[in-house]
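# coords please:
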Amino acid sequence: MNYLAHAYLSFNHPEILTGNMISDFVKGKKKFDFPPAVQKGIALHRAIDEFTDFHPVTQKAKAYFKNDYRLYSGAFIDVVYDHFLANDTTAFANAAALDLFCQSTYASLNENSTGLPAKFLQMLPYMQQQNWLYHYSFREGIEKSFGGLVRRAAYLSESATAFKRFNDHYEELNECYQLFFPSLKNFAFNHLAELNY
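Residues are numbered from 1 along each chain as shown. Reported below is the predicted structural model:
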């Protein structure tokens, strides 16, 4: 769910970006259908997800959602992290810089769209037209993203409680992001180097 983080942690490599963004739509041996650099992006995405899910700071952040959403708490935290990344001036100096990065991401994905999973290609125009990555910076964008998460989930029926938890614990969640994201960025950079890219 944290599309902005996966785009940002592709470190401006177009094929890594492609793999990083499509990974959730690629199952099993299907990853071998893609060029080696895209496969590395898929591998990077999965390593990022694992690092995030098991990190103690993420466990702390999930606790704000766990009683109401159980196993889905991690998916909500992914969206929360994207919100704070979008507003992180060490990543994006201002709103214009964020939007420029978002437009560059969409352009790269469109340029490298041949052979990508059909479900991702169905989603990409909506992501671009509605500028999902940019709108993570606003609370209203997070509210919509939470709603989208619920629509796609088999066992969730509402997101209003999650949005209330987000607002009620905004500062604590921001603190979790500030503690966590630098270590994630360092991990992703080093993991990409290990993949020989």
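# where does Leu156 land in three-state SS?
coil (DSSP: H, G, I helix; E, B strand; the rest coil).
# burial count for it?
18 (other CB atoms under 10 Å). For glycine as for every other residue, the C-beta is placed from the backbone atoms N, C-alpha and C.
# thought it was touching Val150?
Yes. At 4.4 Å, Leu156 counts as touching Val150 under the criterion of CB atoms under 8 Å.
# any low-confidence regions in this structure?
The model of the chain has pLDDT under 70 over residues 1.
# looking at it, which helix is longest?
helix 170-194 (DSSP state H).
# just how off-centre is that helix within its chain?
12 Å (CA atoms, centre = their mean, to the nearest Å).
# buried residues of that helix, list them for me.
Residues of helix 170-194 classed as buried: 173, 176-177, 180-181, 184-185, 187-188, 191-192 (neighbour count, 16 or more other CB atoms under 10 Å).
# I'd like those residues written out as CSV, with distance to Phe34 added.
As requested, these are arranged in CSV below (distance: CB to CB, whole Å):
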residue, distance to Phe34
Leu173, 35
Cys176, 33
Tyr177, 31
Phe180, 29
Phe181, 28
Leu184, 24
Lys185, 25
Phe187, 23
Ala188, 19
His191, 18
Leu192, 16
